[in-house]
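Visitor: Structure for the following, please:
(4 chains)
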4 protein chains.
Amino acid sequence: MGKGILERLDEGVIIGDGGFVVALEKRGYVQAGPWTPEAVIEHPEAVLELHREFLRAGSDVMQCFTFYASEDKLTVRGNKAGRHGSTNINEAACLLAREVANEGDALIAGGMSQTPTYAEGGSKEAVQEHFQKQADAFTKCGVDFLICEYFEHAEEACWAVEICKKTGLAVAATLCINKEGDVDGVPTSECAVRLANAGADIIGINCNFDPDTVLAGVREMKRGLEEAGLKRHLITQPLGYRTPDANKHGFVDIPEFPFAMEPRTLTRWDCHRYAREAYDLGVRYIGACCGFEPYHVRAIAEELVTERGGKLPLASEKHEMWGGGLKLHTKPWVRARASREYWENLRPATGRPECPAYSKPSSHDITD
Amino acid sequence: MGKGILERLDEGVIIGDGGFVVALEKRGYVQAGPWTPEAVIEHPEAVLELHREFLRAGSDVMQCFTFYASEDKLTVRGNKAGRHGSTNINEAACLLAREVANEGDALIAGGMSQTPTYAEGGSKEAVQEHFQKQADAFTKCGVDFLICEYFEHAEEACWAVEICKKTGLAVAATLCINKEGDVDGVPTSECAVRLANAGADIIGINCNFDPDTVLAGVREMKRGLEEAGLKRHLITQPLGYRTPDANKHGFVDIPEFPFAMEPRTLTRWDCHRYAREAYDLGVRYIGACCGFEPYHVRAIAEELVTERGGKLPLASEKHEMWGGGLKLHTKPWVRARASREYWENLRPATGRPECPAYSKPSSHDITD
Amino acid sequence: MGKGILERLDEGVIIGDGGFVVALEKRGYVQAGPWTPEAVIEHPEAVLELHREFLRAGSDVMQCFTFYASEDKLTVRGNKAGRHGSTNINEAACLLAREVANEGDALIAGGMSQTPTYAEGGSKEAVQEHFQKQADAFTKCGVDFLICEYFEHAEEACWAVEICKKTGLAVAATLCINKEGDVDGVPTSECAVRLANAGADIIGINCNFDPDTVLAGVREMKRGLEEAGLKRHLITQPLGYRTPDANKHGFVDIPEFPFAMEPRTLTRWDCHRYAREAYDLGVRYIGACCGFEPYHVRAIAEELVTERGGKLPLASEKHEMWGGGLKLHTKPWVRARASREYWENLRPATGRPECPAYSKPSSHDITD
Amino acid sequence: MGKGILERLDEGVIIGDGGFVVALEKRGYVQAGPWTPEAVIEHPEAVLELHREFLRAGSDVMQCFTFYASEDKLTVRGNKAGRHGSTNINEAACLLAREVANEGDALIAGGMSQTPTYAEGGSKEAVQEHFQKQADAFTKCGVDFLICEYFEHAEEACWAVEICKKTGLAVAATLCINKEGDVDGVPTSECAVRLANAGADIIGINCNFDPDTVLAGVREMKRGLEEAGLKRHLITQPLGYRTPDANKHGFVDIPEFPFAMEPRTLTRWDCHRYAREAYDLGVRYIGACCGFEPYHVRAIAEELVTERGGKLPLASEKHEMWGGGLKLHTKPWVRARASREYWENLRPATGRPECPAYSKPSSHDITD
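Guide: Down below sits the predicted model:
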């Protein structure tokens, strides 16, 4: 067996993969609303293809496509995904991730997220029972490490970490919060300390916010860990969308979610900047979440090519750095765009004169 | 054999497929700049997957992925795609399109585009020799009909149509111009008349401009054909981007082309509106070009479900009309977005306060 | 007596004054809605001050502040301005204009506008009776020339011109339309021809639209006059607001009218561009309307300083050309802005990320 | 004598006046760059007119137009204003303010601002000598109270307050900072405490930032004073421009300063919101600075009509609350805008599709 996630992080920088539910919704295999991953059974070749694209783009980790695959989610409000059964879906997801990971040198990770049971006020025992089932499945399937992700409550995340820790695998834990704190008002710096104390090896933020907001939050986490004398790896997995106007609940509250987010989509140059700023902050697990397509991940890998020993991703055979491929274009003024300076300084027009830059998000306090 | 394209157009409305080069560039299989289709040999499973996604989204036509596959383009400026050979690429493309078309009831179309020879002032004979070679290949591979597309000069398009006409297959012809006229100053209405007189059965506009601009242009074509007493089918295959600020050369001259077009990307609701306006104008081949992803095509099919006899595309099993799937969402204020009224009235924020709505396009007169 | 308006136009370029009702509404002397000019009696010192500011800014013409001062307008819907009597208001307005004109070398002009009588379908005789009364008052007060302005119907404007012509004074006539045509569908080029044939000496467009739109319209008028072999002076008096999104009825239909037009306000640099483009088109009466403040008019005068024999307006003693006064600023990076290049290239930020660039105007066909 | 400023603040809410240098620059009497007030001698009628407009708009205080009237400023870099002499200018300014104040029931205030001497590292004695001279002049002219305003250094402001305090007059002190702190890094809450301890009776922020930013800063000041057990009146005098993108040095660093600020101008409805939020925060001296025109001040007075015992300003005779005057408009769809709901919910379009919402401010650390 190759090196594990912690060894790799000690040695350098790791690149995560992008967002499955959003990418596969646009390809026609996932339904927005329930967002469940039955595609692993119904259209496995489409899931394999997306894994492969991320591998080719430079991802070092294949996250098993098990998001929202707990039994209760699969059947909620009449969702037909439930007919496949939670176990079948989770196992199929692991097999697909492993198949592609083995085509390169990638690791696979099992994931768990916040539960309806916690949201409804369930006891620690009841909540941890759910996490235990998922941990058992992932252990059985032989994942390389575990990721507790998309938690709005630091407390619930700590409960998940405790369960994961018992497997003996390395554990990453990411909240979906901004720099202010979790939804219970625990300051972001303090959240990181609690996760560390619960046993998390890799700590950070995922989903819900754009790279700028996620990095500002992880800066707080870093400060908290340092002040507490704790040393952990940092992880960022932000949205592939610009959301400067989001409130504390993130992109779900933005009026454009989920069917009109296009104008907010990151360019590849936004991803270069994200990768650089994350690296400079000391983040060594630089990943991505909803909205990140394979070419966004490739941009991260290209930005960090030197830090990764000169290793370019496979997909860069179709993408010269900084738009260099445009030198082959027929029009001279397009060829003139084949430079880093051009793309770094461009402020892209939106083509939408009737649209504002900021929306007014919904503002509610229900968390789920 | 089933019904041909002209029979189908006589009976109802046909939906085209989306943009291959742009979608596959983002997936890591096509290089921006040369934009050549060597992926049909290097990564055939990725090309099959994209064909399948469009078929599932409702496309009635699979265009063979042969864009810019002429011998001279494949090798220009050191492009490595040339090593596969033009013939191999064209034949592989036809086989992939046919394989997926047969999984449904789709037709396949061979395409040809403007030539360097014409741009460099070559004679009619020299130009038509190129077209003849392509026509021979498509005939050999058994395509169902031919599309002459992406022509900026009506004259060159007419030369292509003449060659295609001799195959006995139905011929569609689309210019990449706006409502003012082609780059030689021939008014758009007159362009349509010339294409009809050259033998084109289906006439319209593709690429270079957004749906609003393309529809304004085809309205002129329709007027020209009617005033000349000519009856032809109309076709529109616009960009999946908003380009109200484009000049007469279209999106290539926009500063954001090709690596920062994200904020201009159409939402699915923009596609609903496009489909309705195209239909109301009398267009019966409603297609798409660069920037259109599978979910954009599905939106066209969903808008026209009644006109197509109630037939929804396969991919609608993962997409309830007008955001209906959000009724399964956990947050009540997101469930409240599950309505046509909500999405039709939303003006999506861009999240980009430092960016303008309009850019200042390059303005040059070289055409290629 | 000095030279009349036609002599001055023959010899060079004339600068009009700015918008009284809008400027005085902001100063607290005019009510938005009725927009009547009772300030000439209630606060004459404020009217004198505004006339003086325009004179100092370079205006060669003082328009008597009699806008909407017909008897029926002053009393409509309970407007209290009626208590002063139409005659008193018109005569007071002329005296104030003359007082300031004599402080320099300016001319004064009486104005008349579209009537409720015409809008309600009144006969030519009935409509012209109104115009005759106004013409009599202006003749009695000794105005230097007459301006028929803010007409949406070319026909009604021609009726006004006919009456004015009988006074023996020079007559300017401006419609408030765009390049398409008047509200009855008479093409803009044809409108100009009809005004010329009715006797107008100076022909153009005022109010309702921004400089770009007004210049596009006057370009049509110029073409029409030339094709008809008619030679007349051209006049433009546009809004001091950017209204690229206006429909054919102009700024009144824009949702921001009249209390949220601020973000659309022209900068002084927009006025430089307007002045240059108007001059280059051949316009020799370059004026202004609602939204133009004294500093906007000064910018016109500064742009045309060479064409006006090197004569700068009085108010330029407090304004060095192209921001030169900033050389006296304490901060070096503000001093660095003291250049033409800086201000000509700046695209000013709006500070309004929650606002769109384009509104959706009301669209109605009632004209009044 | 009537009630002094402190008595009035104890009893209710006081409204300040607007920005003189910016308004008079647009009217042609002040030069941008030096921004000196020689108009009080050169064009006293124009200064009187502006005072009157603010009085009519509801201002309870006439600030003598003496901004930047210290001897060194009047002559800097060749500014011709110096020929009038500092004493003449200061005394003329006081006479004009008193003349108009007596037309109503307003107070007049003398003002002093940061000095070149402090910026250049002068001693406390040297700096206070300048302040003493100004204080002597204001005492001689019989001003009602003093305002130390536009200070970036809390220390210098405290020195000014000390001098002012010795006159026996009430003293207001406003810094031009945001909620972070002054330019030396003293937290904003601490700045307020220092000003209070130096003797200031009324404490707050003026100029440099928009209402949102100023209110956020004064909220910090309020917190600081409360935590220190100090009770003082609060004052806000923000810009009449939207500057969400300003850095800590305020609007001077914004690229649009000072000649392209138009798109940022507040609407009257922005002023309503400002007045309400200031009042709710506990501010009782609600004033204004650069960019506020008379109609902006009237909007403050109209918003607070109930809090001011039902007293509307004189200029409201030409302005029915919430756009009510539009009920007299001829077009029914404009009459439909005569409501609070309409104007409160409108997000005004900018008419500027080629402009961004945010600029990139200059960023320098020189203060002057």
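
Visitor: Which parts of the stretch 51-200 of chain A are strands?
Guide: Counting by DSSP state E, counting those that start in this stretch, the stretch 51-200 of chain A has strands at residues A:61-63, A:107-112, A:145-151, A:170-175.

Visitor: can you tell which of those is closest to chain B?
Guide: Smallest distance to chain B across the strands of the stretch 51-200 of chain A (C-beta to the nearest C-beta): 12.4 Å, for strand A:145-151. C-beta here means a position set from N, CA and C on the backbone, and glycine is covered the same way.

Visitor: start to end distance for stretch A:248-264?
Guide: End-to-end distance for stretch A:248-264: 18 Å, by C-alpha to C-alpha, to the nearest Å.

Visitor: Could you see whether chain D lies near it?
Guide: No - on the criterion C-beta under 8 Å from any C-beta of the partner chain, stretch A:248-264 is out of touch with chain D, staying 13.2 Å away.

Visitor: quick one: buried residues of that stretch?
Guide: A:248-264 (16 or more other C-beta atoms under 10 Å in any protein chain shown).

Visitor: Could I get the strands of the stretch 51-200 of chain A in TSV, plus columns for distance to A:Arg335 and mean neighbour count?
Guide: What follows is the strands of the stretch 51-200 of chain A, written out as TSV (distance: least, C-beta to C-beta, whole Å; neighbours: other C-beta atoms under 10 Å in any protein chain shown):
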stretch	distance to A:Arg335	mean neighbour count
strand A:61-63	37	27
strand A:107-112	40	24
strand A:145-151	43	26
strand A:170-175	42	28
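
Visitor: Any chance of these in JSON lines with mean pLDDT and distance to chain B as columns?
Guide: Shown next, in JSON lines, are the strands of the stretch 51-200 of chain A (pLDDT from 0 to 100; distance: least, C-beta to the nearest C-beta, whole Å):
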{"stretch": "strand A:61-63", "mean pLDDT": "98", "distance to chain B": "15"}
{"stretch": "strand A:107-112", "mean pLDDT": "96", "distance to chain B": "17"}
{"stretch": "strand A:145-151", "mean pLDDT": "97", "distance to chain B": "12"}
{"stretch": "strand A:170-175", "mean pLDDT": "98", "distance to chain B": "18"}
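
Visitor: any chance of the ones you listed in JSON lines, plus distance to D:Cys164?
Guide: JSON lines is the format used below for the strands of the stretch 51-200 of chain A (distance: least, C-beta to C-beta, whole Å):
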{"stretch": "strand A:61-63", "distance to D:Cys164": "66"}
{"stretch": "strand A:107-112", "distance to D:Cys164": "65"}
{"stretch": "strand A:145-151", "distance to D:Cys164": "56"}
{"stretch": "strand A:170-175", "distance to D:Cys164": "52"}
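
Visitor: among these, which is nearest A:Gly78?
Guide: With C-beta to C-beta, the closest approach to A:Gly78 among these belongs to strand A:145-151: 23.3 Å.

Visitor: So what's the gap between that closest one and the chain middle?
Guide: 10 Å (C-alpha atoms, centre = their mean, to the nearest Å).

Visitor: quick one on the thing from earlier: quick one: closest of the strands of the stretch 51-200 of chain A to A:His272.
Guide: In this view, the strands of the stretch 51-200 of chain A are compared for proximity to A:His272 by C-beta to C-beta, and strand A:61-63 is the closest at 20.2 Å.

Visitor: Which neighbouring elements make contact with that closest one?
Guide: helix A:44-57, helix A:86-101, strand A:107-112 (3 or more C-beta pairs under 8 Å, 6 or more residues apart in numbering or on different chains; DSSP states H and E).

Visitor: Any idea which of these gets closest to chain C?
Guide: Here helix A:44-57 is closest among the helices and strands packed on strand A:61-63 (C-beta to the nearest C-beta), at 32.1 Å.

Visitor: Okay, and which of the buried residues of stretch A:248-264 map to strands?
Guide: Among the buried residues of stretch A:248-264, no member falls in strands (DSSP state E).
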